[in-house]
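> missing the sequence, but the structure's below:
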């Protein structure tokens, strides 16, 4: 319908009964279908319903983004989180301004992140019923509020009964939604509850935090809610440990960067925190050491920001492997890892994290879920066990989509340990062990609560002899053994079914003639003929299991979309981006010699160490390179296009985006440990070397006569003429002096440091002068040479420098600012050093 996301699914003819035929019943969609007719159902015209059961929907009609915004400070301790959208704000009966889908927490006492849950709909605040109200629902509310993780989901009006409408009932969140209105529920206003069943939440954080002025909720300027107002955080002593606390509180993974100098624009209103010092383990940024709310010596040009990881990735790969053919109808899926297989008590060989399905009868893709941990199989408790959890198990098993997630030991009670409880998967994980849970062995269950799954496929399928789970030789599990598929009549429709069953996206190639090597054992299928819509390869037309006229040289293979990017290599050298393909890709159906960069004529390659390398200069425009910059990195991006090994026909190439991020600071970081921030999504990301810098001491103020390398003797009170330069091919960058200091050691981390330049400006204009900074690829300053703490030991000069993109930023420092700044705990950025400079004692 092109109406955005669904807000509700009201049943029982909520919009009035229809007339005429009832075409569909028992409709079951995964949510990824492009039209309703693609969803599973009983068949057109097959139903057992009346028009009093006609279904309806409520759509969003706009693309909204969730941003926690100004809480409403009305009586009763209310904290709100706003959903920004193209919706006109509405004045509510209590004269507060709110927008559709906003949530607030009421009656939480002194805790802004706890209370009765209320949601704003059709101009009015209303409560949420506690029917099936669980921790995954509470987690969505806490995330929307910017209040960290959910600790509990109180029910039965724990924070007191509300008033007005009850907007939501039977709420069922997977836990990965960004706002409560995205969760499944009965439809706004449809319920069977009273206010004595109002739902609540208790979140981990003491006060809400939000990230603003960005296009996603996991990066931006940091703002904290205090005393009824949002305010910013000063960047004094702001580092990655502080950013980690914010990212964890926002449920955004770990921190990539802790940015300073209002990287996401200056804020307004109060500056609540300054000199923040977190250990990194706090649950809320306000729990960290700071000067006190509102106590600071900053302005909004120093507002702190963060970039969070957003979607943490796992390095493991899930490959369904040989089920254990022991009695009890057990089907297993192995997690490949650098773990030695362990012989279990039932004499089966398993690896850490492997899952199996037990007691599924004749269905290899259904059964009680068991996971292998510490040398022993154990079950999973059914507390908050839902379809998103089952989907991860089915994907790990190679069994297609999940149809249901049976509980209460539907497939019989297991024995031994109960390894997992309160499992909460987003549904996108590649294996069950990646999902959030209470911790292995921590539970409050018995085996009468063992969880199960029913998957769509009739039998598991796997792709083998490849470096990723989405390409390889096709093998099917039947009668306790894995076997291959003959390539007679093998085409893209057959490959499409296999790729869908493995949750790997569309098929790119349906390969023949044992493209991924010869299999062994039985050949289970021949003359396979799929329409392309089947849920399992074994459902397609074929000659019958084991009936064939083939040899293993005819084993069928597939390449599904999303090739394994970790099989490629990216090197970001100081002057080149180097993209490498493993020669093994000849086996996988891709020709590593066939590539070209964004410019089609850039197709030269070299072979080294069994890799085919494509090189491009780290220069904007070279072979289609694009250059983007932020305040911390210069990012060069391109794409490599590689073509399948299929002779004489037109074929779409596989596109492999890659980027190299080169720091604009040298060696280390000032206060922050920065990972590359890459604005491009997907692809291969790499980090390049820091700029090559040098520093020299000159004899004269024209900086034309440098002293030779080594020590130099100078009389007390002598002027030091210091020049810094950087080797850089992009003329749009300029050198900025961030900080310079003197010490008695060549170690830039020496504990005694005497500042000359701090925050780009002289610490004492009578003794230090910045002559050039932020104008070219060299910087210069002069300083008078005096004793450090009455000590005549030789001294060394150290400077931290950065590169600034003058095409995007104003790079010349403005030093008309306050004389004092609290940075005593700051750690230096990248450093260049000269010395020793010894005293000419004859002048004492």
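That came through fine. Remember, it's a predicted structure, so these values are computed and weren't measured experimentally.

> going forward, measure contacts between C-alpha atoms and count neighbours the same way
Fine.

> count of residues packed around residue 544?
Residue neighbour count, defined by other C-alpha atoms under 10 Å, stands at 13 for residue 544.

> Repeat that for residue 546.
When neighbours are defined as other C-alpha under 10 Å, residue 546 has 15 of them.

> Quick check: closest non-adjacent residue to it.
Once flanking residues are discounted, residue 546 sits nearest to residue 524: 4.3 Å by C-alpha to C-alpha, 6 or more residues apart in numbering.

> any chance you could map the helices in the stretch 1-150 of the chain?
135-145 (DSSP state H, counting those that start in this stretch).

> Could you look up the SS state of the residue nearest to residue 546?
Per DSSP: H, G, I helix; E, B strand; the rest coil, the local secondary structure of residue 524 is strand.

> my guess is it meets residue 481, correct?
No: using C-alpha atoms under 8 Å, residue 524 makes no contact with residue 481, being 9.6 Å away.

> Between those two, which has more neighbouring residues?
Neighbours around residue 524 and residue 481, counted as other C-alpha under 10 Å, are more numerous at residue 524. The numbers are 24 against 15.

> Quick one: residues contacting the nearest residue to residue 507 once chain neighbours are set aside.
In space, residue 507 comes closest to residue 560 once its chain neighbours are excluded; the distance is 4.3 Å by C-alpha to C-alpha, 6+ apart. Neighbouring residues of residue 560 by C-alpha atoms under 8 Å, 6 or more residues apart in numbering: 470, 471, 499, 504, 505, 506, 507, 508, 509.

> how many other residues sit next to residue 442?
13.

> quick one on the thing from earlier: where does the residue nearest to residue 507 fall, phi/psi-wise?
phi -100, psi 160 (degrees, to the nearest 10).

> returning to what we had before: next, work out how far apart the residue nearest to residue 546 and residue 561 are.
Separation of residue 524 from residue 561 (C-alpha to C-alpha, to the nearest Å): 25 Å.

> returning to that earlier point: return the member of the contacts of residue 560 nearest to residue 750.
residue 470 (52.1 Å; C-alpha to C-alpha).

> So among the contacts of residue 560, where is pLDDT lowest?
Among the contacts of residue 560, residue 505 has the lowest pLDDT, at 75.

> was I right about that residue contacting residue 561?
Yes: Residue 505 is in contact with residue 561 according to C-alpha under 8 Å; the separation is 5.5 Å.

> residues of stretch 436-453 that come out buried?
Buried residues in stretch 436-453, counting neighbours by 16 or more other C-alpha atoms under 10 Å, are found at 437, 440, 443, 446, 447, 449, 450, 451, 452, 453.

> what's the distance between the closest residue to the third one other than its chain neighbours and residue 705?
Leaving out its chain neighbours, the residue that sits closest to residue 443 by C-alpha to C-alpha, 6+ apart is residue 421, at 5.3 Å. With distances defined as C-alpha to C-alpha, the gap from residue 421 to residue 705 amounts to 73 Å.

> Looking at those two, which has the bigger crowd around it?
Set residue 421 next to residue 705 and count neighbours by other C-alpha under 10 Å: residue 421 wins out with 25 against 12.

> per-residue pLDDT, the more buried one?
pLDDT, read off for residue 421, is 89.

> before we move on, what about residue 301?
90.

> Surely it and residue 261 touch.
Yes: look at residue 301 against residue 261 with C-alpha under 8 Å: they come within range, at 5.6 Å.

> Validate this expectation: residue 241 resides in a helix.
Yes: with three-state DSSP as the criterion, residue 241 is assigned to a helix.

> I figured it hits residue 282, correct?
No: taking C-alpha under 8 Å as the definition, residue 241 is not a contact partner of residue 282, at 9.7 Å.

> ok, those two, which is more surrounded?
Neighbour count, other C-alpha under 10 Å: between residue 241 and residue 282, residue 241 has more, with 21 against 18.

> out of everything not next to it in sequence, what's closest to the more buried one?
Residue 241 sits nearest to residue 280 (C-alpha to C-alpha, 6+ apart), 4.7 Å away.

> distance of the residue nearest to residue 507 from residue 442?
In terms of C-alpha to C-alpha, residue 560 sits 38 Å off from residue 442.

> just residue 351 next, same as before
21 Å.

> do residue 594 as well
52 Å.

> How about residue 836?
60 Å.

> so residue 210 touches residue 249, yeah?
No: look at residue 210 against residue 249 with C-alpha under 8 Å: they stay out of range, at 9.2 Å.

> Noted, bye for now.
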